[in-house]
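A.B. asks: What would the 3D arrangement of this be:
(one chain, ligands or ions: 1)
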Amino acid sequence: MRKILVANRGEIALRVMRSAREMGIKTVAVFSEADRNAPFVRYADEAVCIGPPPSNKSYLNGDKIIEVCKQLQVDGIHPGYGFLSENADFARKVKAAGIIFIGPSAEAMDMMGDKLSAKAAAKKFNVPMVPGSEGAIANLEEAIRVAKATGFPLLIKASAGGGGKGMRMVEKIEEVEEQMQLAMSEALSAFGDDAVFIEKFVSGPRHIEIQLLADNHGNTVYLFERECSIQRRHQKVIEEAPSSVLTPELRKKMGECAVNVAKACAYSGAGTVEFLLDDKMNFYFLEMNTRLQVEHPVTEMITGLDLVKEQIKIARNEVLSFKQEDLKINGHSLEIRVYAEDPANNFLPDIGRLQTYAIPKGTGVRVDDGFEEGMDIPIYYDPMIAKLITHGKDRNEAISRMLRAIHEYKITGVETTLAFCTYVLQHPAFVSGKFDTNFIKHHYQPEVLLIENEQEAEIAALFSAYLSQQKKTAAASSSSETSVKKSKWKENRLN
Ligand code: MV4
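C.D. replies: Here you go, the predicted structure:
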């Protein structure tokens, strides 16, 4: 493989190109008109504008991207995450054009993209499932029968959904009919597929995911877990590796189950198996993500591996150069996602110009970003500015290093989630490691702060003072130009 096209933008495009460069592979960037001045465009050996800013006219235009590959004699496409990364039809077209798709087969993507077929495949390999329906619910009669057998509360999930999309909670038998109809019609309009299934609701679970690598020669290894329970409306806020609650035995058991999920779909490349872990340490298969994930750096930090290089080597048909027993966890890593969002304003995107942009440095700190000082954050895409990653000898060192790094991070011109992350990282429940997916719901509610004890009250008070101070500083230092930008963006959002 001599030349790779990165079908993505921002930090992940840059991230992929860096590994390609280290491997002596040339890179091609494709970019929208909104990203003309982005660092990833300059970093690439060649760059081609593929269309106007909206994703469906640029980063989602698979045919155009394949055309560029043919013109520039590209050998492989790395899709990054989001956009076309889990699009099986795109993977098929890439292959048909004689280009290597750096990722799993279209067949594996199809099988795992559909939650029902994913569960059916995993079940054959004895992977534990949440109790519920065997397959799709055919009619109301079946829904009522399964609901009674499962117990309440339960969830109705769309088979074509995932990541929290198309999920409905049902608390009692009288609600089953209405919720089934709503779930099915929503699934049909959102995904073009009305297949739904029932699962018992696991209350207060942790979200634990296992990173996998599988080569084309039958070797599959697990690169341990990431703990991703700190989420807000299905958007991850803080990720870490390893989880502070897994014992070596449970880690091995979950890792081996994840490997079995990969075997069930003849997986190749980097992939992630998501599990729920309940308060009694039972784990259940949720879904498999057939892409490199946003939070992959924490796994890189604790394993010393470069996941993008491994993806490329697998795509070149190389045999994995290590075995499961060669892998060891070294220290602890945390990642926070720095978003241009305003925590004081219900986390609404706060798009504008990065007037000051200075990143933290020093031991154990990594910043994966795609912006520079003076750049505008485009309104068309995810408002993530950067991922800030720390590594330490243990969890406490990774946390204090993260707090230090956030302290050094200087961003003005847009509101960010940095201060919010400081709040979470200092929270006793986070520090103790005893938290679940309800952390943010329980511990952060701007208007109606649910204060459970004095210590929490103090932190909440400090945080709101900090936020209002930040707002004043930002207002004082931002020019009229920025305010114009912001109001312009808000107009756009409302339209
Ligand atoms: C669940 C669940 C409880 N019980 N399934 C949300 C995203 C999607 N991947 C699955 N999700 C959930 N499925 C059962 N049977 C709770 C969630 C859930 C969740 C899962 C992981 C991380 C954060 C979450 C936040 C809310 C709900």
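A.B. asks: Let me see the ranges of the strands in the stretch 201-350 of the chain.
C.D. replies: Secondary structure of the stretch 201-350 of the chain, counting by DSSP state E, counting those that start in this stretch: strands at 206-214, 220-232, 235-241, 269-277, 283-289, 332-339, 341-342, 348-349.
A.B. asks: Contacts (any at all) between the ligand and the second one?
C.D. replies: Okay, so that is strand 220-232. Yes. Contact of strand 220-232 with the ligand (CB under 6 Å from any ligand atom) involves Gln231. From N, CA and C alone the C-beta is placed, and that goes for glycine too.
A.B. asks: Counting neighbours, which bits of that strand end up buried?
C.D. replies: Neighbour counts using 16 or more other CB atoms under 10 Å place 220-232 of strand 220-232 among the buried residues.
A.B. asks: strand partners of that strand, parallel vs antiparallel please.
C.D. replies: Sheet pairing of strand 220-232 (DSSP bridges) gives strand 206-214 (antiparallel), strand 235-241 (antiparallel).
A.B. asks: could the strands of the stretch 201-350 of the chain go into CSV alongside mean pLDDT?
C.D. replies: Listed next are these as CSV, based on pLDDT from 0 to 100:
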stretch, mean pLDDT
strand 206-214, 99
strand 220-232, 98
strand 235-241, 97
strand 269-277, 98
strand 283-289, 97
strand 332-339, 98
strand 341-342, 96
strand 348-349, 94
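A.B. asks: Tabulate the ones you listed (TSV), appending distance to His78.
C.D. replies: As requested, the strands of the stretch 201-350 of the chain are exported to TSV (distance: least, CB to CB, whole Å):
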stretch	distance to His78
strand 206-214	15
strand 220-232	19
strand 235-241	21
strand 269-277	11
strand 283-289	16
strand 332-339	20
strand 341-342	27
strand 348-349	27
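A.B. asks: Of these, which is nearest Pro297?
C.D. replies: Proximity to Pro297 (CB to CB) singles out strand 332-339 among the strands of the stretch 201-350 of the chain, at 5.9 Å.
A.B. asks: from the middle of its chain, how far away would the closest one be?
C.D. replies: 12 Å (CA atoms, centre = their mean, to the nearest Å).
A.B. asks: same question, stretch 357-371
C.D. replies: Relative to its chain's centre, stretch 357-371 lies at 19 Å (CA atoms, centre = their mean).
A.B. asks: picking that back up, quick check: of the buried residues of strand 220-232, which lies closest to the ligand?
C.D. replies: Comparing these against the ligand with CB to the nearest ligand atom places Gln231 closest, at 4.6 Å.
A.B. asks: Wasn't Ile406 part of a helix?
C.D. replies: Yes. Under DSSP: H, G, I helix; E, B strand; the rest coil, Ile406 sits within a helix.
A.B. asks: Tell me if I'm right that it and Thr417 touch.
C.D. replies: No. With contact defined as CB atoms under 8 Å, Ile406 and Thr417 do not form a contacting pair (10.2 Å).
A.B. asks: Quick check: neighbours shared by those two?
C.D. replies: Counting by CB atoms under 8 Å, 6 or more residues apart in numbering, the common neighbours of Ile406 and Thr417 are Ile336.
A.B. asks: quick one, phi psi at the residue nearest to the spatial centre of the chain?
C.D. replies: By CA atoms, centre = their mean, the chain has its centre lying nearest to Val294, at 4.5 Å. Taking degrees, to the nearest 10, you get phi -50, psi -40 for the backbone angles of Val294.
A.B. asks: please renumber so the chain begins at 40
C.D. replies: That works, and once the first residue is 40, the last one we named lands at Val333.
A.B. asks: Could you check how far the closest residue to it other than its chain neighbours is from Ala301?
C.D. replies: In space, Val333 comes closest to Tyr120 once its chain neighbours are excluded; the distance is 5.8 Å by CB to CB, 6 or more residues apart in numbering. Distance, Tyr120 to Ala301, using CB to CB, to the nearest Å: 18 Å.
A.B. asks: Verify the stated contact: Ala46 with Ile104.
C.D. replies: Yes. Counting by CB under 8 Å, Ala46 touches Ile104, with 5.2 Å between them.
A.B. asks: list residues touching both of those two?
C.D. replies: Residues touching both Ala46 and Ile104 comprise 69, 116, 123, with contact defined as CB under 8 Å, 6+ apart.
A.B. asks: Looking only at neighbour counts, state which of Tyr120 and Ala301 leads.
C.D. replies: Taking other CB atoms under 10 Å, Tyr120 and Ala301 do not tie; Ala301 has more neighbours (27 against 16).
A.B. asks: Can I take it that the residue nearest to Val333 is in a strand?
C.D. replies: No. With three-state DSSP as the criterion, Tyr120 is assigned coil and is not in a strand.
A.B. asks: Touching, it and Leu346? I think so.
C.D. replies: No. With contact defined as CB under 8 Å, Tyr120 does not reach Leu346; the gap is 11.7 Å.
A.B. asks: for the ligand, what are the nearby residues on the stretch 340-489 of the chain?
C.D. replies: With CB under 6 Å from any ligand atom as the criterion, the stretch 340-489 of the chain comes near the ligand at residues Thr476.
A.B. asks: Any stretches of the stretch 340-489 of the chain with poor pLDDT?
C.D. replies: Applying pLDDT under 70 to the stretch 340-489 of the chain picks out residues 484-489.
A.B. asks: contact partners of stretch 167-177?
C.D. replies: The contact list for stretch 167-177 (CB under 8 Å, 6+ apart) reads 155, 158-159, 161-162, 181-182, 185, 189, 193, 195, 198, 219, 234-239, 241, 296, 315, 321-324.
A.B. asks: ugh, wrong one, stretch 219-233
C.D. replies: Applying CB under 8 Å, 6+ apart, the contact partners of stretch 219-233 are 176, 179, 182, 195-200, 204-205, 207, 234-235.
A.B. asks: Please apply the same query to stretch 298-308.
C.D. replies: In contact with stretch 298-308 (CB under 8 Å, 6+ apart) are residues 141-144, 146-147, 150-151, 157, 160-161, 163-166, 251-255, 259-261, 310, 312, 324, 327, 329, 350, 353-354.
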